[in-house]
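K.L.:
Next comes the sequence, and after it the predicted model I'd like to discuss.
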Amino acid sequence: MPTDVDIDRLLARAGEIEKLERETTLARTRASAALHGRAVRSMPLGVASSFQANDPYPIYLERGRGSRVWDVDGNEYVDYHNGFGTMAVGHAHPRVVEAIERAAGEGTHFAVTTEAGVALAEELCRRFRLERVRFSNSGTEATMDALRVARAASGRDGVIKIEGSYHGHHDQVMFSVVPSMYELGEPERPASTPFSRGIPGHTADDLVVVPFNDADALRRVLDEDASRDGGPRIGTMIIEPVMMNIGIVPPNPGYLEAVRELCTRHGVVLVFDEVKCGATIAPGGAIELYGVQPDLACFAKAIGGGVPIGAFGGTAAVMDEIGHGVAHQGTFNGNPLAMRAGLATLTEVLTDDAYRRFAELGSRMASGCRAALEANGIPAHVRDFGCKGNVSYRAEPLTQYRDYLECHEGLFYASWGWVINRGVFMTPGDEEQWTISVQHTEADIDRYVEAYASFCTALAK
């Protein structure tokens, strides 16, 4: 394992690589630079979402097919960004395209529930062991609506979230998303640090933050809340069962079971945010993989095959609060294009065979990256969750957010520029993951591993 001096040398070398690769990237993406100059005149930062921004500009894509994407300069890449994990089906999958074309030919919107919407709700209930489902248009909407239903069901306003988790951009959960080491608070009682300006300060009054993989910390919070004068105020807990805002952090053995038991004991509605891991890490997401059933669960991204979609569902007892005074609206909820695309995605593309294929390709990818890191003495570890995986630049595996702050992000940024310039499209931050699609091949995997291995060799020189 490298010493501290070795790490300093690696970081210095990473800085050299990043500078050289950045110059190459700028030279080969002049059309992106020009489009950015045009875009900033009509959109803040020149992008539709701040997560799409990059310094000095993002790479703008023109089209995608199969496992490949092409940018506006005509550069071709094997795509492992895949729409921040949305495109597990790959680009322009024939079954999804056919479903969308059929829906468009019959009417793009009605604001009325269709048979395809009923069928998709049935499939979500089957996959994720739910009793009731409602649709939305994004993961943010799904978590926002689920929290409202949960607060109504519990009769309490207080919410618990995990330090370092992202649950969408509504005010209630835009706290302690990526706090700096100076904003953390105590390890067992993290601070509620806002992620954005413009969030009312009082929003944090009903929020408590706890660390991931620490059932004892959760127990102390809930026991303390239960002994409050006037009775408990915490009625909801929202959690990514597999943390995916800091790479990939799985739950320790027994942790989710303990969370489930504590929430049940204290009358707290447990909400799983499976926007990222639902339909990617297993056919039934974390619910299937770990065998722990929440009261509510939220989905988006991969369930729709690339169209805007979200969903949340759970037990009949909780979900039936809708219709008993709890509002859940949305003009585009259940849009026929989204319903047909989602149904094709889950019943025709992301089949059991697809997940067996993901396991094979994911293992090949992770093994190749792991071998390259070990051969070159680079302090990092690899996570493999089927079509999702990542490299985190910390020798020891992450167990919670504060471990992530020990990662050497300079190594990531050097690797990003290196693989981009060798035809591999990746998410631009070390908090994200790679996503493999059903249309990726062994040759695609080997192209990534070859590019990444050459980076590791160059870094260790």
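P.N.:
Looks like it arrived, so ask away. Numbering: from 1, shown residues only.
K.L.:
need the contact list for the closest residue to residue 332 other than its chain neighbours.
P.N.:
Computed as C-beta to C-beta, 6 or more residues apart in numbering, the closest residue to residue 332 that is not its neighbour in sequence is residue 137, at 5.2 Å. (Each C-beta comes from the backbone N, C-alpha and C, glycine too.) Residue 137 makes contacts with 308, 309, 310, 330, 332, 333, 335, 338, as judged by C-beta atoms under 8 Å, 6 or more residues apart in numbering.
K.L.:
List only buried entries from those.
P.N.:
Among those, those classed as buried by 16 or more other C-beta atoms under 10 Å are 308, 309, 310, 333, 335, 338.
K.L.:
Output those residues in JSON lines; the columns should cover pLDDT.
P.N.:
Converted to JSON lines, those look like this (pLDDT from 0 to 100):
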{"residue": "308", "pLDDT": "97"}
{"residue": "309", "pLDDT": "98"}
{"residue": "310", "pLDDT": "98"}
{"residue": "333", "pLDDT": "98"}
{"residue": "335", "pLDDT": "98"}
{"residue": "338", "pLDDT": "98"}
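K.L.:
for those, which one is nearest residue 89?
P.N.:
residue 309 (12.7 Å; C-beta to C-beta).
K.L.:
This protein - how does it break down into domains?
P.N.:
Domain assignment for the chain by automatic domain parsing gives 4-79+352-460, 94-349.
K.L.:
My read is that residue 365 contacts residue 389, right?
P.N.:
Yes. Residue 365 lies in contact with residue 389 (C-beta atoms under 8 Å); the separation is 6.0 Å.
K.L.:
quick one: common contacting residues for these two?
P.N.:
Contact criterion C-beta under 8 Å, 6+ apart; residues shared by residue 365 and residue 389: 434, 436.
K.L.:
Would you mind confirming that residue 127 makes contact with residue 346?
P.N.:
Yes. Contact criterion C-beta under 8 Å: residue 127 and residue 346 qualify, at 6.8 Å.
K.L.:
Mutual contacts of these two, please.
P.N.:
residue 279.
K.L.:
phi, psi of residue 392?
P.N.:
Main-chain torsions, residue 392, degrees, to the nearest 10: phi -110, psi 130.
K.L.:
So that it lines up with my notes, have the first residue be 358 from now on.
P.N.:
Sounds good: first residue 358 from here, last item residue 749.
K.L.:
what residues does the helix or strand where residue 697 lies touch?
P.N.:
Residue 697 belongs to helix 693-701 when elements are defined using DSSP states H and E. With contact meaning C-beta under 8 Å, 6+ apart, helix 693-701 is reached by 452-453, 455-457, 459-461, 463-467, 471, 473-474, 476-477, 480, 492, 494, 660-666, 689.
K.L.:
Please pull up the helix or strand immediately following that helix.
P.N.:
By DSSP H and E, the next helix or strand past helix 693-701 is helix 709-732.
K.L.:
so how far is that following helix from its chain's centroid?
P.N.:
19 Å (C-alpha atoms, centre = their mean, to the nearest Å).
K.L.:
Now do the helix or strand that comes right after that helix against helix 709-732: the angle between them, please.
P.N.:
Where DSSP H and E defines the elements, the next helix or strand beyond helix 709-732 is strand 738-742. Interaxial angle, strand 738-742 versus helix 709-732 (axes from the mean of the first three to the mean of the last three C-alpha atoms, to 10 degrees): 170 degrees.
K.L.:
Distance of the one residue sitting closest to the centre of the chain relative to residue 510?
P.N.:
Nearest residue to the geometric centre of the chain (C-alpha atoms, centre = their mean): residue 633, 3.8 Å. Noted for residue 633: a distance of 24 Å to residue 510, by C-beta to C-beta, to the nearest Å.
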